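Chemist: Provided below for reference: sequence and predicted model.
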Amino acid sequence: MIENFAFPSLIKYFEELSAIPRASYNEDGVAEYLCNFAKARGLEYYRDAANNVLINAPATKGREGDAAILLQGHTDMVCEKNAGVEHDFSRDGLKLYVKDGWLRAEGTTLGADDGIAVASMLCILDGGVESHGPLQCLFTASEEVGLDGVKAFDYDKIYARRMINMDSADESLIIAGCAGGQRSSVSFESKVEKTFAPFVAQINITGLFGGHSGEDIDKGRANANKLMGRVLYELMKNSSLGLDIISVEGGTKDNAIPRECVAVVAVNDAESLKKDIAKLEATLREGISEDDKDFAIGVSVISENTEVKALEAELAKKIVFVMHTVANGVLDMNHNVKGIVEWSRNLGIVKCNADVAELVFSSRSSFESRIDAAATELDAYAELIGASVRHYNRYPGWSYAEKSEIRDAYSKAYKQLFGKAPEITVIHAGLECGFISEAVQGMDIISCGPVILNLHSPDEALNLASFERFFSVVKKVIEG
């Protein structure tokens, strides 16, 4: 499909991978594909119960004495699609297309995060480099849902002490450190009460840009769940509406900034509701960034004069209170590294109806104490309003190392190829490097990758020229 690409087998493997459904926790297919790849080439491989796959390749002739290198990336992808797009991520492959030098998927996330790593490792293992020392390629599972795969792996099987993680999004950057984080679920016992509804209406917040809740949290993009919290809070103040909340649902991933949120409500006066929504839309638009220029609040009547099961009034108030008031977005900037977010929170998922009442947050920081503080803040909210809190999927940060041989090697290769040194930085997003650096003492790590825009959204796009440049650098590092 993609022509005139410098490394045809690299694209071939990305296309093959894109044909395999690989949502988090649905990675049996891709794990089997990797094992069959290793079998066909007589390579040593190991697959564990979590669907992590390790493939080892012996050194090519004359390179047996080189230090081993570990290449690493994850097999799962964030599964987001635009409204109205028919795509079943559990069984459908992606529909790829190229426009103006960018590779995208039709109406869905592309999975370049982290399909580029999988394709790169397969290309290298299949003769994509002229020579190499001992190689270990670790394909980890379920990264996007809390780094579950990397936590489950048996690191006694790793003998390399230099590592290239390929889960970053600009080949001119070397990532040398990252934030840690934690998920938190605030939940209530769902209680409903029957009520007569003159009008049942659906409120839709749409048109937001979204993005990665770590890498894009400083872009000023609006959070649909937070906007809905503000909308519902204001509507509740208008007693003449007689507003009851039947359901609120927004976002599907805690690590993605939610682009859409839907509330179904019962009201006494549909025209008054529409007028209030129009005023709120105009008010909220004042703070909307250029990225969110397509923001809109729609309202439509879906039934009249009917009995409904609405959330109990006090429960609805508590849910809206949390949605509206819990701090979201950038909480503090890094005071040592200019321009880097240090502490943040994202209200990624709201799901409240007759069966469940849950809000899911993702908190990030380079400091363990601040991850603790983010948790205790939510604990305090829960104690105040009688909710339950569960903190889970905690992952460590990865500290910057003053000296790094693998970082120096990447910098040298990049400069030789392109005439300038890459930038070295730390990021606010979480990476599997944190767990691996803890599990394997003395592991020298960098993270890198080609230019990918709009991660975790259906606008995700991979720059093909950058993919070529990135692979050229990795290839040069491995070839020594």
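Modeler: All right, it came through fine.
Chemist: just checking, residue 247 touches residue 353?
Modeler: Yes - counting by CB atoms under 8 Å, residue 247 touches residue 353, with 3.9 Å between them. For glycine as for every other residue, the C-beta is placed from the backbone atoms N, C-alpha and C.
Chemist: any shared contact partners between the two?
Modeler: residue 311 (CB atoms under 8 Å, 6 or more residues apart in numbering).
Chemist: the more surrounded of the two?
Modeler: Neighbour totals were compared for residue 247 and residue 353, and residue 247 leads with 21 against 16 (other CB atoms under 10 Å).
Chemist: so where's the protein shaky on pLDDT?
Modeler: Within the chain, the stretches with pLDDT under 70 are 1.
Chemist: domain assignment for it?
Modeler: With domains defined by automatic domain parsing, the chain comprises 8-179+397-479, 182-395.
Chemist: need these in TSV with distance to residue 2, can you?
Modeler: Listed next are these as TSV, based on distance: least, CB to CB, whole Å:
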stretch	distance to residue 2
domain 8-179+397-479	5
domain 182-395	25
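Chemist: count the neighbours of the nearest residue to residue 5 once chain neighbours are set aside for me.
Modeler: Leaving aside its sequence neighbours, residue 5 sits nearest to residue 11 (CB to CB, 6 or more residues apart in numbering; 5.0 Å). Using other CB under 10 Å, residue 11 is surrounded by 21 other residues.
Chemist: one more: residue 197?
Modeler: Per other CB under 10 Å, the neighbour tally for residue 197 reads 20.
Chemist: could you say which helix or strand holds it?
Modeler: strand 192-206 (DSSP states H and E).
Chemist: so what secondary structure elements neighbour that strand?
Modeler: Secondary structure elements in contact with strand 192-206, counted by 3 or more CB pairs under 8 Å, 6 or more residues apart in numbering; DSSP states H and E, are helix 224-237, strand 244-250, strand 261-267, helix 270-285, strand 296-311.
Chemist: and residue 431, what element?
Modeler: Per DSSP H and E, there is no helix or strand for residue 431.
Chemist: now it: how far from residue 70?
Modeler: 14 Å (CB to CB, to the nearest Å).
Chemist: who has more neighbours, those two?
Modeler: residue 431 (28 against 25).
Chemist: who does the residue nearest to the more buried one when sequence neighbours are not counted form a beta bridge with?
Modeler: Counting by CB to CB, 6+ apart, residue 431 lies nearest to residue 178, which is 4.4 Å off, once chain neighbours are set aside. Bridge pairing for residue 178 (DSSP bridges) gives the partners residue 398, residue 427.
Chemist: ok, residue 178 - how many residues close by?
Modeler: With other CB under 10 Å as criterion, residue 178 counts 29.
Chemist: how near is it to residue 449?
Modeler: 13 Å.
Chemist: what do you get for residue 105?
Modeler: From residue 105 to residue 449 the distance is 18 Å (CB to CB).
Chemist: check residue 194 too.
Modeler: Counting by CB to CB, the separation of residue 194 from residue 449 is 53 Å.
Chemist: cool, residue 276 as well?
Modeler: 46 Å.
Chemist: buried ones in the lengthiest helix in the chain, by neighbour count?
Modeler: For the chain, the helix that runs over the most residues, judged by DSSP state H, is helix 368-385. Buried residues in helix 368-385, counted by 16 or more other CB atoms under 10 Å: 370, 371, 374, 375, 377, 378, 381, 382, 385.
Chemist: go ahead and confirm the first one touches residue 345.
Modeler: No - assessed by CB under 8 Å, residue 370 is found out of contact with residue 345, at 10.4 Å.
Chemist: strands of the stretch 351-480 of the chain, start to end?
Modeler: 357-365, 388-395, 423-427, 444-447, 452-453, 461-463 (DSSP state E, counting those that start in this stretch).
Chemist: and the third one, C-alpha only, in PDB?
Modeler: Output of strand 423-427 as PDB, limited to C-alpha atoms (Å, rounded to 0.1, in the frame of the first residue of the first chain):
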ATOM      1  CA  GLU A 423      17.300  17.100  22.200                       C
ATOM      2  CA  ILE A 424      17.400  15.200  25.500                       C
ATOM      3  CA  THR A 425      14.300  15.700  27.800                       C
ATOM      4  CA  VAL A 426      12.100  14.100  30.300                       C
ATOM      5  CA  ILE A 427       8.300  13.700  29.800                       C
END
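Chemist: what is it packed up against?
Modeler: Using 3+ CB pairs under 8 Å, 6+ apart: strand 423-427 touches strand 173-178.
Chemist: immediately after the strand it packs on, which helix or strand?
Modeler: Downstream of strand 173-178, the next assigned helix or strand under DSSP H and E is strand 180-188.
Chemist: could you dump that next one to CSV, C-alpha only?
Modeler: Extracted C-alpha coordinates of strand 180-188, given in CSV (Å, rounded to 0.1, in the frame of the first residue of the first chain):
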residue,chain,number,x,y,z
GLY,A,180,4.9,7.9,37.5
GLY,A,181,1.2,7.7,38.1
GLN,A,182,-1.9,6.0,39.4
ARG,A,183,-5.6,5.3,38.5
SER,A,184,-8.3,6.1,41.0
SER,A,185,-12.0,5.1,40.8
VAL,A,186,-14.5,7.2,42.8
SER,A,187,-17.8,5.3,43.0
PHE,A,188,-21.2,5.4,44.6
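Chemist: chain center to that strand: distance?
Modeler: Strand 180-188 sits 15 Å away from the centroid of its parent chain (CA atoms, centre = their mean, to the nearest Å).
Chemist: between that strand and strand 388-395, how many degrees?
Modeler: With axes from the mean of the first three to the mean of the last three CA atoms, to 10 degrees defining the directions, strand 180-188 sits at 160 degrees from strand 388-395.
Chemist: give the partner strands of strand 180-188 in its sheet and their orientations.
Modeler: By DSSP bridges, strand 180-188 pairs with strand 357-365 (antiparallel), strand 388-395 (antiparallel).
Chemist: pick the most buried one from these.
Modeler: Comparing the strands paired with strand 180-188 by mean neighbour count (mean count of other CB atoms under 10 Å), strand 357-365 comes out on top with a mean of 25.
Chemist: can you pull the contacts of the residue nearest to residue 431?
Modeler: Counting by CB under 8 Å, 6+ apart, residue 178 makes contact with 366, 397, 398, 426, 427, 428, 429, 430, 431, 433, 434, 447.
Chemist: and the furthest pair within those residues?
Modeler: Across the contacts of residue 178, the longest distance by CB to CB is 14.9 Å; it joins 366 and 447.
Chemist: can you name the farthest residue from the center of this protein?
Modeler: residue 305 (42.1 Å; CA atoms, centre = their mean).
Chemist: correct me, but that residue touches residue 198?
Modeler: Yes - the pair residue 305 / residue 198 is scored as a contact, 6.1 Å apart, by CB under 8 Å.
Chemist: tell me the centre residue of the chain?
Modeler: Closest-to-mean residue, the chain, CA atoms, centre = their mean: residue 255 / 4.6 Å.
Chemist: what's the closest non-adjacent residue to that one?
Modeler: residue 213 (4.8 Å).
Chemist: my read: the one you found touches residue 256, true?
Modeler: Yes - contact criterion CB under 8 Å: residue 213 and residue 256 qualify, at 6.0 Å.
Chemist: that's all I had, so thanks and see you.
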